[in-house]
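with the input below, show me the fold.
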Amino acid sequence: MKGIDIYSETNITDWNAVKASGVEVVYIKLTDGLTYNNPKVEEQYKAAKAVGLKVGGYHFGEKNAPQAEYEHFKSILDKYDWDLKPVLDYEVGIPDMNFVTQFMAQNPNLLLYASHNVADKCGLPKNKIWVAEPNTNPTSTGEYAGIQYAWTGRVNGLQGDADVDLFSDLILAGSASIVAKVQATGPVQSGDPTVRIIQQQLNTLLKKGLAVDSINGPATIAAIKEFQGIMGLVPDGIWGPKTAGAVGQIYSRPTDGVTYAHMEYATRYIQFRCGGSIDGTFGNQTKINVQNWQAKHSLSADGVVGAATWEKLLDENV
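Next up, the predicted model:
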């Protein structure tokens, strides 16, 4: 399916001409970061639907707390009926794979749009990726959900440069809910892409080295239980809302310390990594343990877990 992706500055003068040029699919930018909303969403959505195009929405990711960015995206996503799966568009200069992993974990139907510098490292299967390959002329998407092959294309009815894409039917929403969160009510089934994301998160958090194979086997279940125990949750091996919420709080990288707001799950993770009792309360002994850990890892030993300490805790295998 030929498609285009558009944003507020895209100037479409004739939607019928767009459709007549062979376009079947349009993705509309809905949101960006934590606060930006496309002011033309309603206009663009209605116009595209009126001529019979399949329509989807995407969020432009920044480097804020991923759950907060997803909730911002979802606040607009929920207002419309979509034909296509929702998309995270991630194009930051220095990619944060933890952001990608955590954002994608919010909704099992999400697709990722990215260049190969992110797409090849994110750990997602190709069928969940819409990859940027400009200046190509694909006849098939292969294993990918989509390929963006032109940034300066020409489409009748659209003035100026057009982002032009080739999509497979993997982008179709089908009957699945497109706003469901990764909150299992029972054990996640092997083969579910969610398992792969969970395994990536456990490897980041516990430094486990689990095989990222989408198989919900004994090692993965044991790691889930271990993480739940650290968080003070019932260690049932089920990736439910409380477990996902604990991961989200940690991945939000809140500044944590004696004088900072209480963040139990983040504090429990800090205590797990830095040593000492794990009780979710950031007291003076936790501060001392953090200072010792910071000094050991060549950080400023101030006892406050800020951006540099979180980067070391999460992004490096130390």
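
Tyr58 and Leu124, how far apart?
16 Å (CB to CB, to the nearest Å). Quick note: C-beta positions are derived from backbone N, CA and C, even for glycine.

got it, and Asn109?
13 Å.

what of Asn216?
According to CB to CB, Asn216 stands 17 Å off from Leu124.

nearest residue to the residue positioned nearest the centre of the chain other than its sequence neighbours?
When CA atoms, centre = their mean is applied to the chain, the residue found nearest the centroid is Phe103 (2.3 Å). Spatially, and ignoring its direct neighbours in sequence, Phe103 is nearest to Pro66 (4.0 Å; CB to CB, 6 or more residues apart in numbering).

may I have the phi/psi pair for the one you found?
Per-residue torsions, Pro66: phi -60, psi -40 (degrees, to the nearest 10).

for it, what are its contacts?
Pro66 makes contact with Asn98, Phe99, Gln102, Phe103, Gln106, Gly248, Tyr251, Ser252, according to CB atoms under 8 Å, 6 or more residues apart in numbering.

nearest to Lys29, of the residues you listed?
Phe103 (15.6 Å; CB to CB).

my read: the closest one touches Lys63, true?
No. Using CB atoms under 8 Å, Phe103 makes no contact with Lys63, being 10.8 Å away.

for the stretch 1-150 of the chain, which segments count as strands?
2-6, 11-12, 23-32, 36-37, 54-61, 87-90, 111-114, 129-132, 146-155 (DSSP state E, counting those that start in this stretch).

farthest pair in the contacts of Pro66?
Maximum distance among the contacts of Pro66 (CB to CB): 13.4 Å, for Asn98 and Gln106.

okay, those two: which has more neighbours?
Gln106 (24 against 21; other CB atoms under 10 Å).

could I get the pLDDT score of that one?
Listed pLDDT for Gln106 reads 83.

what's the answer for the one 3 residues further on, then?
In the prediction, the pLDDT value recorded for Asn109 is 84.

burial check on it, number of neighbours?
Asn109 has 18 nearby residues by other CB under 10 Å.

next: Lys85.
So Lys85, with other CB under 10 Å, has 24 neighbours.

I figured it hits Tyr113, correct?
No. Counting by CB under 8 Å, Lys85 does not reach Tyr113; the two are 11.2 Å apart.

picking up where we left off before, how much space between the residue nearest to the centre of the chain and Ser300?
29 Å.

show me where the stretch 51-200 of the chain dips below the pLDDT cut-off.
Scanning the stretch 51-200 of the chain for pLDDT under 70 picks out 174-193.

okay, Tyr58 and Leu124: which has more neighbours?
Higher neighbour count among Tyr58 and Leu124: Tyr58, with 27 against 21, using other CB under 10 Å.

ok, and the closest non-adjacent residue to the more buried one?
With CB to CB, 6+ apart, the residue lying closest to Tyr58 is Val87, at 3.8 Å.

list the contacts of the spatially closest residue to Ala47 that is not a sequence neighbour.
Closest residue in space to Ala47, ignoring its immediate chain neighbours: Trp15 at 5.0 Å, by CB to CB, 6+ apart. Applying CB under 8 Å, 6+ apart to Trp15 gives the contacts Ala47, Ala48, Ala50, Val51, Leu53, Gly157.

any chance of CSV for the residues you listed, columns distance to Lys19 and neighbour count?
Output for the contacts of Trp15, formatted as CSV (distance: CB to CB, whole Å; neighbours: other CB atoms under 10 Å):
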residue, distance to Lys19, neighbour count
Ala47, 11, 17
Ala48, 9, 25
Ala50, 10, 10
Val51, 5, 16
Leu53, 6, 18
Gly157, 8, 18
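
ok, so of those, who is nearest Trp130?
Nearest to Trp130, judged by CB to CB, of the contacts of Trp15 is Leu53 at 16.9 Å.

hang on, isn't that closest one packed against Gly22?
No. With contact defined as CB under 8 Å, Leu53 does not count as touching Gly22 (11.3 Å).

how many neighbours does Pro125 have?
Pro125 has 13 neighbouring residues, counting by other CB under 10 Å.

do you know how far it is from Gly157?
Taken as CB to CB, the span from Pro125 to Gly157 is 35 Å.

what do you get for Phe73?
To Gly157, Phe73 is 28 Å away according to CB to CB.

again, but for Val92
In terms of CB to CB, Val92 sits 32 Å off from Gly157.

and for Ile230?
56 Å.

got it, and Asp32?
From Asp32 to Gly157 the distance is 25 Å (CB to CB).

buried set for stretch 135-142?
Thr141 (16 or more other CB atoms under 10 Å).

burial of Lys79, as a residue count?
When neighbours are counted by other CB under 10 Å, Lys79 registers 12.
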